[in-house]
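>>> Give the three-dimensional model of this entry:
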Amino acid sequence: MKKDVKSRVFKVLKITGLSVVFLLFLLFILPILFPKALTDKVKGFANEKLAGELSFTETHLSFFSHFPSLTLTLDDFVLKGSAPFEKDTLLSAQQVAFGINVKSIFFGDKIKIDKVFVTSGNINIKVNSKGQPNYNVYVSDSQEKEANSSSASLKLERIDIKKMNLNYDDKSTKILISAKGFNYLGKGDLNDAIFDLKTNAQIESFDFTMNDEPYLKNKKVNAELITKINTNSLAFVFEQNNLKINKLPVEFKGKFNFLKNGYALDFVVKSDNSHLNDFFTAMPPHYVQWLENTKITGKTDLLFELKGNYIASENKKPDVHFNMKIREGFIAHQKANLPAKNIFLNLDTRLPQLDLDQFALKIDSIYFDVGKDFLNGTIEIIGITKPSIQAKIKAKLDLDKLNQALGIQNLDVKGILNTAIQAKGVYDREKKQFPITTGNFTLQNGYLKTSYYPNPIEKINLFASAENKTGTFKELKIQIKPSSFQFENKPFSISASFENFEDIAYAIQAKGELDIEKIYKVFSAEGIDMTGFARVDVSFKGKQSDATNGNYANLENKGTMYLKKIKTTSNYLPKPFVIEEGTFVFNQNDMYFTNFLATYGQSDFMMEGEMHNVINFFLAESEVLKGNFSVRSNLINVDEFVSETTVEQTQEAETAETAAGVIVIPKRFDFNLTAAAQKVIFDEIPIEQLAGNLRLNQGKLSLQNTGFSIIGTKVNMSAHYFDESEQQADFGFSIKATDFDIKRAYAELPMFKAMVSAAEFAEGIVSLDYKIAGKLDQSMSPIYPSLVGGGILSVNKVKMNGYKLFNVVSKKTQSEGLTNPDLSKVDIKTTIKNNLIKIERFKFRAAGFRMRVEGESSFDSKLNLKMRLGLPPLGIIGIPIKVTGNQENPNIGIGKQTEDLEETEFVDATQIPNYEDKTGKKTQTPFQQIPETPIPKKIESPGQQVPETVKDSIRN
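Below is the predicted model:
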């Protein structure tokens, strides 16, 4: 009996051992027996099923890379995106491996790929503003059927991603996601039309930004998800999804459907009865150190909902809802003598259709106390443009005790704060409504110090009140009783009162000195750096109606403001702008300034002038600020005002899918500016002796009688500009330049080179007197069909070298005198309308020939010209010539052949459909491409026998 048992055990061990040996043998032998066949089939599958550009360095076939799966591994894998992101990388990884179903090698007609492994790399998902993504790289089965030669198929059961960085940039929804240290394991029968995907995911650092506002930063995420996926309708149902953001447990459920032109969203994210401390672990990283030194207890409930359709083309957007409750909250920093306790909060916000005008905020309770001090309140706001407000806030706080309890970093604040505010009603500027309000705010012995500057703003005493008994602008009263603060041992005081906001009666007094550089250091304003000194001593008293009606005797506005060495540096200017010195003097409704000196890089400015209607401008949105200024300068270097950041932003704007729009001129200014500059550098072009007048009048900019010298020539110019909408503007200018060197202008003026391309072949002296007006599109480029104008180009003495039009005419007529002709005393008059340049008849002589030219040209260089070549000696006998085609390839017809030469077809700009300007007026598109007519055969030159066909056509 014992022998039988031993025998059976031995057989089992023997069979097991042989099986293990056989399996090990297969693990080694299969990759050796079928390396090329398996590799070629999987690579062929990848090439057929992946539409994006694919590259990798080496391949490996092994059981041991991702044991126990047999995998084909591609090293240094790079996959480009789908249109319109073909040049951008969608996926780059150190290794991408395809798991092969071993059974399909022996018993299937195709090798089945049932697993995908991605290791160490980057996933970059992009969606442009039109909703076009870069991830449409997988060729569907319907596309495959057209040419089904694949010897492998995709039947995924497992997706394994390790040590990846995921970036998601969606311009259509303005969502930006960054996930670093992304590990993902997804299991399910992904071959079914409807299947459950079970997922485990970990992210070391997760960032979420929407509309440039960061909501999550550097958060750890752990997730266990079950997602039902319907591949037929592209619908996702998130059934059981438990996440942890740092320590905060979050439950996530919802639906996501791809629509034809957008998305259908139904998400619910909530965390019920969680610890308040765990909530703060999900906050931005600078809270981490604070948490380590702070005791936090209490419970919180969180709810976030996003529901509705997002269809950009139809302006449909989902509803957003957020709710937060805090109960029995307790916060005590380790250095605090008293904690902030009994913290209660019930906050609810709603944003239907992401529309700010429908925004609703409700805080039906907020409370905490610090010892005997407390804050208690309720707030309800509906709408933003015309908000309905109901608020009741009462507080008595020792800010020093509160600051210690909360342990606020980088900030030391002290003072006794008392406030009691009640408000109920609607704020509507148009109807002159203001909530019924009673409120007081006092801060005594205030103190503010930050870690950015060693000295505090201290001795802050502020006493403010507001009252409105009837809910109208007329009954509104705001008062700031004598208040003051001290900084760097220099006091500053202010008092103010405002009554009847339908006709504001104001009284303001301010006096003191400010070291602007040190104040900015206290608050450390990012991107802006300021220095300098200001001394203020002003007093304003009066009524708005007296200023409006010119009753200046009833006003008591006076005082001075002195500025010195005010230096401002910002991200928008590459160099600091420095106000060396300037004094502003206030008198009634006017402000004057003299000897206002400023510098910017190499540029210098000296200004003086006056501004009127100053008080009204600040008190009423409809009032216009008026002024007269004069500016003198030895040098203005315009190129220094353009920073690398500005250039980059401009280049980005030029390649953006939607243009930023035209320059919008402020509507509330009426300024006259007289300027005189010895030298101006613009685009590396020196302009000298600039003098002129600039008028900015309620949205319209005009340049009047401005003269300057450029390339040794005096130029006089006038211009106007105003925006008709955010996408279109109106402009016009007239220019007069006398006797300038055309060759020098072509070489030294890029704009002239671009506009007058024919000047490349010319040398000599010309003059220009021209006017033009039209529209500009959203990229500030001319809308050519809108251009209207005309003028004269006077050719004093010009030689045309290598100009194709004349050379072809010379060759066709065998008239050598027209090759590189000399032109003298020729006035060429042209007009511009309906996208055409009409050239009126003009005459010139060249080497004994008398040439007459007239016709039309277009902005894309197409030609329809009629010419007459008068033969020597008197030009009585002439040859008709017709020119079509374009400047690069002109078609020439001579004599009777002009009847056979079809005219170049210019599109009638007034008849082009489906092109409207932004004001709704009909406008035209640029020229269409018209086929060119064949060039006719040569004729004899005037010095030889003229063919009979030409003789019959000769006319005077």
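
>>> Buried residues, stretch 780-788. List them.
783-787 (16 or more other Cβ atoms under 10 Å). For every residue, glycine as well, the C-beta is placed using N, CA and C.

>>> what's the straight distance from one end of that stretch to the other?
For stretch 780-788, the first-to-last residue distance is 17 Å (Cα to Cα, to the nearest Å).

>>> any idea of the mean pLDDT for that stretch?
Taken as a whole, stretch 780-788 carries a mean pLDDT of 83.

>>> go on, stretch 556-569?
On average, stretch 556-569 scores 83.

>>> go on, stretch 401-418?
The predicted model gives stretch 401-418 an average pLDDT of 89.

>>> Output the buried residues of stretch 780-788 in TSV; the columns should cover distance to residue 453 and secondary structure.
Shown next, in TSV, are these (distance: Cβ to Cβ, whole Å; DSSP: H, G, I helix; E, B strand; the rest coil):
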residue	distance to residue 453	secondary structure
783	53	coil
784	57	helix
785	59	helix
786	55	helix
787	57	coil
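
>>> So what are the sheet partners of whichever strand or helix holds residue 863 and their directions?
Per DSSP states H and E, residue 863 falls inside strand 863-870. Within its sheet, strand 863-870 is paired with strand 849-858 (antiparallel), strand 878-885 (antiparallel), according to DSSP bridges.

>>> Just name the most buried of those.
Each of the strands paired with strand 863-870 was scored by mean neighbour count; the highest is strand 878-885, a mean of 23, by mean count of other Cβ atoms under 10 Å.

>>> which regions of the stretch 701-850 of the chain lie under the pLDDT threshold?
750-759, 798-823, 847-848 (pLDDT under 70).

>>> could you pull out the strands for it?
713-723, 729-741, 762-776, 788-800, 822-833, 836-846, 849-858 (DSSP state E, counting those that start in this stretch).

>>> Also the stretch 401-550 of the chain?
411-426, 436-450, 457-468, 477-487, 490-499, 505-515, 528-543.

>>> I'd like the ones you listed laid out as TSV, including distance to residue 765.
Listed next are the strands of the stretch 401-550 of the chain as TSV, based on distance: least, Cβ to Cβ, whole Å:
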stretch	distance to residue 765
strand 411-426	71
strand 436-450	67
strand 457-468	67
strand 477-487	65
strand 490-499	65
strand 505-515	59
strand 528-543	51
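
>>> count of neighbours near residue 436?
As a burial measure, residue 436 scores 17 neighbours (other Cβ atoms under 10 Å).

>>> Give me the mean pLDDT for the strand holding residue 863.
Taken as a whole, strand 863-870 carries a mean pLDDT of 80.

>>> which other helices and strands contact whichever helix or strand residue 169 is part of?
Assigning secondary structure by DSSP H and E places residue 169 in strand 152-170. Secondary-structure packing of strand 152-170 (3 or more Cβ pairs under 8 Å, 6 or more residues apart in numbering; DSSP states H and E): helix 35-49, strand 111-127, strand 175-187.

>>> Mean pLDDT lowest where, among the ones you listed?
The weakest mean pLDDT among the helices and strands packed on strand 152-170 belongs to helix 35-49, with a mean of 58.

>>> give me phi/psi at the residue nearest to residue 356 when sequence neighbours are not counted?
In this structure, residue 356 finds its nearest non-sequential neighbour in residue 384, 4.5 Å apart by Cβ to Cβ, 6 or more residues apart in numbering. Residue 384 has phi and psi values of phi -120, psi -50 when expressed as degrees, to the nearest 10.

>>> if I pick residue 384, what's in contact with it?
Contact analysis of residue 384 by Cβ atoms under 8 Å, 6 or more residues apart in numbering lists 356-357, 359.

>>> In helices, which of those residues fall?
Among the contacts of residue 384, no member falls in helices (DSSP state H).

>>> May I ask which helix or strand encompasses residue 366?
strand 360-370.

>>> and that strand, what does it pack onto?
strand 340-351, strand 373-382, helix 399-406.

>>> outside of the helix or strand containing residue 291, which residues touch it?
Secondary structure assigned from DSSP H and E places residue 291 in helix 287-292. For helix 287-292, the surrounding residues in contact (Cβ under 8 Å, 6+ apart) are 277, 280-281, 333, 407, 409.

>>> Export the residues you listed as TSV, with columns for neighbour count.
Shown next, in TSV, are the contacts of helix 287-292 (neighbours: other Cβ atoms under 10 Å):
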residue	neighbour count
277	18
280	19
281	18
333	19
407	17
409	12
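
>>> Turn those residues into JSON lines, columns for distance to residue 74.
Listed next are the contacts of helix 287-292 as JSON lines, based on distance: Cβ to Cβ, whole Å:
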{"residue": "277", "distance to residue 74": "46"}
{"residue": "280", "distance to residue 74": "44"}
{"residue": "281", "distance to residue 74": "39"}
{"residue": "333", "distance to residue 74": "54"}
{"residue": "407", "distance to residue 74": "53"}
{"residue": "409", "distance to residue 74": "49"}
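
>>> Counting only helices, which of those residues make the cut?
277, 280-281.

>>> quick one: which of these is nearest to residue 518?
Set against residue 518, the nearest of these by Cβ to Cβ is residue 280 (34.0 Å).

>>> Around the nearest residue to residue 687 once chain neighbours are set aside, how many other residues sit close by?
Distance criterion Cβ to Cβ, 6+ apart; nearest residue to residue 687, sequence neighbours excluded, is residue 680 at 4.2 Å. Counted with other Cβ under 10 Å, the neighbours of residue 680 add up to 20.

>>> Start at 15, not 1
That works, and once the first residue is 15, the last one we named lands at residue 694.

>>> partners of the helix or strand harbouring residue 694, with directions?
Using DSSP H and E, residue 694 sits within strand 683-696. In the sheet, strand 683-696 lines up against strand 639-647 (parallel), strand 650-651 (parallel), strand 699-711 (antiparallel) (DSSP bridges).

>>> Deepest-packed of those, please.
strand 650-651 (a mean of 20).

>>> Now do that strand, average pLDDT.
The average pLDDT for strand 650-651 rounds to 80.

>>> again with stretch 377-390
If you average the pLDDT over stretch 377-390, you get 93.

>>> That one: which residues count as buried?
Those would be 377, 380-384, 387, 389, for stretch 377-390 by 16+ other Cβ under 10 Å.

>>> Please apply the same query to stretch 398-409.
So for stretch 398-409, counting by 16+ other Cβ under 10 Å, buried means 401, 403, 405, 407, 409.
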